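Engineer: The amino acid sequence is not available; the structure is as follows:
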């Protein structure tokens, strides 16, 4: 960047943000990669706005000088969404962490984009309501909306797209819009809410969200069920979904991951392909669900469920599940984690996972499988030892084959992590001509490509 | 239209469609208004394509000559979506009525846009699966997606936006895109599926849809519950939703409508404000739901439920509900029906309905209220006698006040009927600056305004 331009922009940012703008190298580096495996690309500035108005003023400055803007939540994205590919201003939303309204009468809440999952959970504790969407990290709600996140509860409650009523968005021209009302449904105009959900900061900056709350279930039971092979576990999940059982969570951990999890979390579950299950509802509903799922599991050769009915044991189980990624990483000391995910139609899931396991075995990598199998979605978490030459390239090639396998099985290159820069190469193949519609929309809303440039949409060749 | 241009286009259309293009006045008039109360505006041609390829070829002809294109399903739209405001070609999709695939393993089906609800229901009968979205008429699936339709089951199953996995769309430039895969979730790219759902034919023509199927419930019970006043009925519905009861249907009919329905369908329910309820699930789930809802109803002064547990009686009840609009119309012989709907946050619903009833009473119109009250959505069905001067204007003014009331209560000008031409006047008020984003998207995808011009987006002043 031109030195004079940089001075001008710095002055304007300081004028707007005072000591809430920084060019500190360490802070910039912290904002340049997040949890993703991609090499850090720090922004030129990091700013910490406190209000929608400040974001709008920032966007005006950046528009005037054509400086890229990269929204930043908790930095937990996995596909390089926050890399400052072309420098610019990283907008860290952590000070926009007000829970603006808990509206239990309408079963919704309005939160600023920087509110985190844990913060919201704490606030809702004891209210009789909860927000079901939870990726395995303490992400911000704005970040979760931006990547169309989901997690373990999605099989019953859907993803972010199903649980956001409305967004306040600062557009690339500095205007502020509200995408919808608080009404539970509407046939009024284009669905801008869903357009911005999953747009990864490329169309505007989410300032606040009105999200749907759900009634806290009367009872919750969790169970662990081991299988002789991964196919049996996946087929049990498939049968459960096809039978219409409204199961709340149905998570697959392969034998490698069960070993890692036991070691990391001090547990002693069988180290076999395993389903972690959660049932929610009235005791009668749960009983009916359990009877059905147990019958499916037995028909695929499983033995008994290990029950975790008490809250403490249940929380410990799900914490272990949440810690699956660090558990995998701990298996290779000093490693950095490459995480990837795909999603396929559920009828193709067993085939996709079995073939992927064979592929992994051939690479010699430690790459355990973790699946939200009720949705047909699964992850590889691959700890990469920087000291071993060629591991990163092997993992990248494995990821490439995984995506090709998913696309060949009528799936998608990402179930919940998003595109960022990590999956850009597959957009054209997955979407064909529809990619041109996405480009047209981007150009219409952000004509000078100010908003998170280089993400979600691959460069035009 | 220029005579020579018309001759040229006619020749090209005949070349493409043979005897499946018509300029017959009667057929054109049939396609110029549908069920809506707006004055008929016939298209210049009606064509009946048989394939996506034919639609694409049609779009190319229309693009070359800049002829407007109006997609047409079953003509059941209520807000003038199919009026040929600027003439052009009406694309009647009734020959595109193939159910292309029932994929029970993935709980989805792919249907051409002209497949109707009843046709799909018949095909699914006995399969163990059903499609939950049903407006009160035999609409096409393409039409339902175009208006983001919902209906009685939406309170439990969501609207069309929640039940479509993917669309095949012919774009204004003649290209054909698929908006998504069959995977249950994806974080890959902008959500084009949701963008086209509810776009009312203004961005392209839906050629086929992949829709989600749901497991047919183990048991279904229906009940009728009368109240002393409409507020008590609405408050029972509000409590039910706020308690998280997964009720399948909760419909309000006011006393006027109960009278009309009894008369029209030969029934003898109490002619008081009434909730029609449906419970779905296992007998144990249903029992729990019923216990909860009965307690709420009693707390608001209701007496016992009238049960319709047998399928025949249940079907008769819901047929009577479906016939509510013609029943209202039959109260004023020779009348034409004006239907309108709004949706408000559920906490404001009682207030909105009570105030609307007072407003109706002051007009002297017969305007019964029918509500999908679990969603905060309700309808007025106003039979207008053309022989009575001033009735139409009175009804229009009532509709205007209804919309203003809904917007003032943080609601939306349409819960499920859409904008068409009937609600154009409220878009700017409801959406503010967001309307400009909608306009930018329209211009990006349909730069010459070929697709259903004059609908959904109000003219720029």
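Structural biologist: Perfect, I can see it now. None of the values given here were measured: they were computed from a predicted structure.

Engineer: And for the nearest residue to residue A:155 once chain neighbours are set aside, the neighbour number?
Structural biologist: Nearest non-adjacent residue to residue A:155, counting by C-beta to C-beta, 6 or more residues apart in numbering or on different chains: residue A:374, 3.2 Å away. (Each C-beta comes from the backbone N, C-alpha and C, glycine too.) Residue A:374: 27 surrounding residues under other C-beta atoms under 10 Å in any protein chain shown.

Engineer: quick one, what contacts residue A:374?
Structural biologist: Going by C-beta atoms under 8 Å, 6 or more residues apart in numbering or on different chains, residue A:374 touches A:154, A:155, A:237, A:240, A:241, A:247, A:249, A:250, A:346.

Engineer: From the centroid of chain A, which residue is nearest?
Structural biologist: By C-alpha atoms, centre = their mean, the mean C-alpha position of chain A lies nearest to residue A:149, the distance being 3.8 Å.

Engineer: That one reaches residue A:162, doesn't it?
Structural biologist: No. Counting by C-beta atoms under 8 Å, residue A:162 is not a contact partner of residue A:149; they are 11.6 Å apart.

Engineer: returning to that earlier point: count of neighbours near the residue nearest to the residue nearest to the centre of chain A when sequence neighbours are not counted?
Structural biologist: Nearest non-adjacent residue to residue A:149, counting by C-beta to C-beta, 6+ apart: residue A:135, 4.8 Å away. Using other C-beta under 10 Å, residue A:135 is surrounded by 22 other residues.

Engineer: Residue A:135: what's it in contact with?
Structural biologist: A:76, A:117, A:144, A:149, A:150, A:151, A:416.

Engineer: How much space separates it from residue A:94?
Structural biologist: Distance from residue A:135 to residue A:94, counting by C-beta to C-beta, to the nearest Å: 17 Å.

Engineer: Residue A:49 now?
Structural biologist: Using C-beta to C-beta, residue A:49 is found at 10 Å from residue A:94.

Engineer: Which one's more surrounded, those two?
Structural biologist: residue A:49 (26 against 17).

Engineer: Phi and psi next, for the more buried one.
Structural biologist: Backbone torsions for residue A:49, taken as degrees, to the nearest 10, come to phi -70, psi 160.

Engineer: Can you list the buried residues in the host helix or strand of residue A:4?
Structural biologist: If you go by DSSP states H and E, residue A:4 is part of helix A:3-17. Across helix A:3-17, burial judged by 16 or more other C-beta atoms under 10 Å in any protein chain shown covers A:6, A:9, A:12, A:13, A:14, A:16, A:17.

Engineer: what's the average pLDDT for it?
Structural biologist: Averaging pLDDT along helix A:3-17 gives 97.

Engineer: other SSEs contacting that helix?
Structural biologist: Contacts defined by 3 or more C-beta pairs under 8 Å, 6 or more residues apart in numbering or on different chains; DSSP states H and E place helix A:3-17 against strand A:21-22, strand A:45-47, helix A:52-65.

Engineer: That one to helix A:52-65, inter-axis angle?
Structural biologist: 170 degrees (axes from the mean of the first three to the mean of the last three C-alpha atoms, to 10 degrees).

Engineer: partners of the helix or strand of chain A with the lowest mean pLDDT in the sheet?
Structural biologist: When the helices and strands of chain A are scored by mean pLDDT, DSSP states H and E, strand A:306-308 comes last with a mean of 89. Partners of strand A:306-308 in the sheet, by DSSP bridges, are strand A:219-226 (antiparallel).

Engineer: Only the buried residues of stretch A:240-260, if you could.
Structural biologist: Under the neighbour-count criterion of 16+ other C-beta under 10 Å, stretch A:240-260 has A:240-242, A:244-260 buried.

Engineer: my read: residue A:286 touches residue A:292, true?
Structural biologist: No. Using C-beta under 8 Å as the test, residue A:286 is too far from residue A:292 to be in contact (10.9 Å).

Engineer: So for the two, which residue has more residues nearby?
Structural biologist: Neighbours were counted for residue A:286 and for residue A:292 using other C-beta under 10 Å; residue A:286 has more, 22 against 17.

Engineer: Please list all residues in contact with the more buried one.
Structural biologist: Shown in contact with residue A:286 (C-beta under 8 Å, 6+ apart): A:219, A:221, A:279, A:280.

Engineer: do the same with residue A:214
Structural biologist: So residue A:214 contacts A:107, A:129, A:130, A:131, A:132, A:157, B:244 (C-beta under 8 Å, 6+ apart).

Engineer: Have a look at those and tell me the least confident one.
Structural biologist: residue B:244 (86).

Engineer: Once you drop chain neighbours, what's closest to that residue?
Structural biologist: residue A:215 (2.6 Å).

Engineer: dump the residue contacts of that neighbour.
Structural biologist: Neighbouring residues of residue A:215 by C-beta under 8 Å, 6+ apart: A:107, A:128, A:129, B:243, B:244.

Engineer: picking up where we left off before, for the least confident helix or strand of chain A, list every residue counted as buried.
Structural biologist: The neighbour-count check on strand A:306-308 (16+ other C-beta under 10 Å) flags A:306, A:308 as buried.

Engineer: same deal with stretch A:433-446?
Structural biologist: Using 16+ other C-beta under 10 Å as the test for burial, stretch A:433-446 gives A:434, A:435, A:436, A:437, A:438, A:440, A:441, A:442, A:444, A:445, A:446.

Engineer: ok, so of those, who is nearest residue A:397?
Structural biologist: residue A:435 (24.1 Å; C-beta to C-beta).
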